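Participant: Provided below for reference: sequence and predicted model.
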Amino acid sequence: SDGNYFWRVRAKDGLGLYSGWADADQGFGGDDVDLKVNSPTSLTVDFDWCISPSNPQTVQFTSFVSGGTEPYGYDWNFGDGSSHSSLTNPTHNFQNETRVAGASTGNIEAQKHEKAETIFESFFKNILNIIKSAGDLLNRTTEKIISRLPIEKAEAQTGWWNSNWLYRQKIIFNNSSSSENLDNFPVLVKLNSSRVNYNQTQNSGQDIRLVDADGATLLAHEIEKWDESGDSYVWVKVPRIDASSNTDHIWLYYGNPSAPDGQNKTAVWDANYVGVWHLHNDFLDSTLNDNDGSNNGSDDVLGKIADGQNFNGTSDYINVGNKPSLRLTGAMTVEAWGVLDTVENRRLVAKQGGDYNRSWSLNTERDDGKYHFMISSDGVEGHGVTSNSAISIGTNTWSYWAGVYVPSMALKIYVNGNLDNSNTAGIPSSQYNNNLDVWIGARNECGNCWWDGKIDEVRISKTARSSDWLAAQYKSMSDTLNTYASSLGVTLTATDSQGRVGVKTKTIDLASGPSCSDTSFNFNSVLPLGSSQLALNWDTAAAATSYTIYRNGSPLANPSYSCAASSCSYTDTGLLPGTQYSYYIIAQPSATKNSTSNPACDGAVSTCSLSASTGNVVTGLNVSSNTCGLIRVVWDNLGDDYSYHIYKDITNVNNVGSGDEIMAASYTCGAGDCTFNDKEIIPGEIYYYKVTSESEGVESELSSAPTGYAHSYCYRAPTWEER
């Protein structure tokens, strides 16, 4: 009467069991509403998996569910953003993950797998509709209640960045050896036909997008090279790669033919980079600083990452200028990939001239055969500080070199991501900035400092990069930092007809998982054996050690099948007459049950089953005697496809056996009921009858046939002895 309402709710499951009461006023004001029904049993769920020998991205799953009440429902979350409902033993390809049709960020209905509305949801929606119809005064309360209704989440489909992109690939970083979070870290993503399907991308990769692990943050990327006949190279700026982690990841999206080019090249490189030169067919600086180079003789050549430049050792170099961003006086890092043809006094990257024009240089020296990183505090020759590598210079092999200057503390040199030497003696607080240009492959004012070999991926930073940073850069550029959806968590959720739920999650590793054995075989036939049995026949699979037989989608418990050299057979008994049953079979090559699917149905076991119906048994049997010398046997006609066997015995109904057949499948019926007039009788005796049906050459079981009896109608005259 005062317009206030108090709500009490409890749930009831299919067994008639109730949950506890959930009390809340004014539209369920509490956040925690527990409506769990404590059912007496739960489902036991498990599954096995194996990798297709012909496609390392394709996995066959085999499920095992017990407990509860059949039929079971199956929901698979493959861990790569895709899912499947209903299949008991699905096959899934992890390379080209397709978006579920209609699923998009915020589209709750599309994320429900089209599941039927639960009884609880339906009940409340009906109640709320009644309340709303009572008048607008309750609208606000109704809306509040609706907003608090439980919504089923489809975890496999939430977090999809944009529904216009049909595919995505998970890229996982292995930073487990690092104790440092790598912030704003440029990662090299190397793609090829084993990692992405080029048929599903635009011809120049315009539609690729890289998204952070949160499924929402779009990341800046730069395509250095896109080659659909080979390797493609993409740089992406990752906001953070967690320390000591091998699970941090991003997503590569593709598959939008109408998307514009999404590159944001300069944003890949943080503000500490003053110059980044990929040297792939050009000499452009990828940073905002626009320190583009001019070429003086170097040639395009296959580099460490896509293309690089070849230097002749006598006159070739690249001049990247002397803009303010390159005039460093404080901390710095210089990085480059190089390979030498001959060992001399070679300059990899330098801002250096003769006396009074010294600044810094990353180079090799003929005298000691080592890598050198040197700086000068005043530009005077001989006043500089050098860090020499412990590793000797090699030829004809790509190496990643980095020099790091930490003012007043250290001058470090790294080789292939490892700290090779650190000089801490006499380190100046600042370095001298001369007026010379930065050269790649040589230095100013030196007639014999030309690089003889190849150079690729040159970078200069105005900060001292850490050891963890440079180690991770080496891994990234060597294609060992990333894995591409190799290890994934797969979850099977099974639900029985009473709403009980069982969940099993396993981690599958596409790189090292078990391979499916070749258990190829043909499922030949399912034939009726009367009214309560069906006979299955299939060819023997050479590698199989056992078989799982599924009837109507559920595995049979310990079926007693038999196998010979070429074929196997199984008779399914105890079936209902006149009922259709569907079967499929999974071959299992080992005790671990890693299996491959029946090749006849290409892995889609829900579409390759064979079906048959048990035979019908005779009904409506009536045995009567109202005519002298005749007993009439009448039964329902099962149809034109049936003929009948008639059995008769004079002892008792339990004695009617196969030897008592008087009409061997030669009796057929016309229109209406079937009638057989038995004139082979002795007056005064009792006769017992059974009638079986036959269809397609198979007779129904005599044991399940209906029975009837009658006395012969006529009086029998006494014999001479009796008289």
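Facilitator: Looks like it came in fine.
Participant: please pull out the lowest mean pLDDT helix or strand from the protein.
Facilitator: Using mean pLDDT, DSSP states H and E, the weakest-scoring helix or strand in the chain turns out to be helix 139-147, at a mean of 31.
Participant: ok, then the element right after it?
Facilitator: Where DSSP states H and E defines the elements, the next helix or strand beyond helix 139-147 is strand 167-173.
Participant: neighbouring strands of that following strand in the sheet, and parallel or not?
Facilitator: Looking at strand 167-173 with DSSP bridges, its paired strands and their directions are strand 97-98 (antiparallel), strand 249-254 (antiparallel), strand 482-484 (antiparallel).
Participant: any chance of those in JSON lines, plus mean pLDDT and distance to residue 202?
Facilitator: Placement of C-beta: from N, CA and C, glycine included. JSON lines is the format used below for these (pLDDT from 0 to 100; distance: least, CB to CB, whole Å):
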{"stretch": "strand 97-98", "mean pLDDT": "44", "distance to residue 202": "17"}
{"stretch": "strand 249-254", "mean pLDDT": "94", "distance to residue 202": "8"}
{"stretch": "strand 482-484", "mean pLDDT": "90", "distance to residue 202": "20"}
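Participant: closest to residue 290 out of these?
Facilitator: Of all these, it is strand 249-254 that lies closest to residue 290, at 28.0 Å by CB to CB.
Participant: buried residues of the closest one, list them for me.
Facilitator: Within strand 249-254, the residues that qualify as buried are 249, 250, 251, 252, 253, 254, counting by 16 or more other CB atoms under 10 Å.
Participant: looks to me like residue 199 is in a helix.
Facilitator: Yes. Counting by DSSP: H, G, I helix; E, B strand; the rest coil, residue 199 is part of a helix.
Participant: okay, now it: neighbour count?
Facilitator: Residue 199: 9 surrounding residues under other CB atoms under 10 Å.
Participant: and after the helix or strand containing residue 688, which helix or strand comes next?
Facilitator: According to DSSP H and E, residue 688 maps onto strand 686-695. Once strand 686-695 ends, the next helix or strand along the chain (criterion: DSSP H and E) is strand 698-699.
Participant: tell me the strands beside that following strand, with direction?
Facilitator: Partner strands for strand 698-699, per DSSP bridges, with pairing direction: strand 686-695 (antiparallel).
Participant: which residues touch residue 611?
Facilitator: Contact criterion CB atoms under 8 Å, 6 or more residues apart in numbering gives 526, 580, 581, 582, 583 as the residues in contact with residue 611.
Participant: for the third one, give me its contacts.
Facilitator: So that's residue 581. Remark: with contacts taken as CB under 8 Å, 6+ apart, residue 581 is in contact with 526, 534, 551, 552, 572, 575, 611, 612, 613, 614.
Participant: name the nearest residue to residue 203, ignoring sequence neighbours.
Facilitator: Among residues not flanking residue 203 along the chain, residue 228 sits closest, at 6.8 Å (CB to CB, 6 or more residues apart in numbering).
Participant: look up phi and psi at the one you found.
Facilitator: Here the main-chain torsion angles of residue 228 (degrees, to the nearest 10) amount to phi -80, psi -10.
Participant: distance of it from residue 205?
Facilitator: For residue 228, the distance to residue 205 (CB to CB, to the nearest Å) stands at 9 Å.
Participant: looking at those two, which is more packed in?
Facilitator: When residue 228 is set against residue 205 and neighbours are counted by other CB under 10 Å, the residue ahead is residue 205, at 22 against 16.
Participant: quick one, phi/psi of the more buried one?
Facilitator: Reported as degrees, to the nearest 10, the phi and psi values for residue 205 are phi 70, psi 20.
Participant: residues touching it, list them.
Facilitator: Residues near residue 205 by CB under 8 Å, 6+ apart: 223, 226, 232, 234, 254.
Participant: now those as a markdown table including secondary structure?
Facilitator: Written out in a markdown table, the entries for the contacts of residue 205 read as follows (three-state DSSP):
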| residue | secondary structure |
| --- | --- |
| 223 | strand |
| 226 | coil |
| 232 | strand |
| 234 | strand |
| 254 | strand |
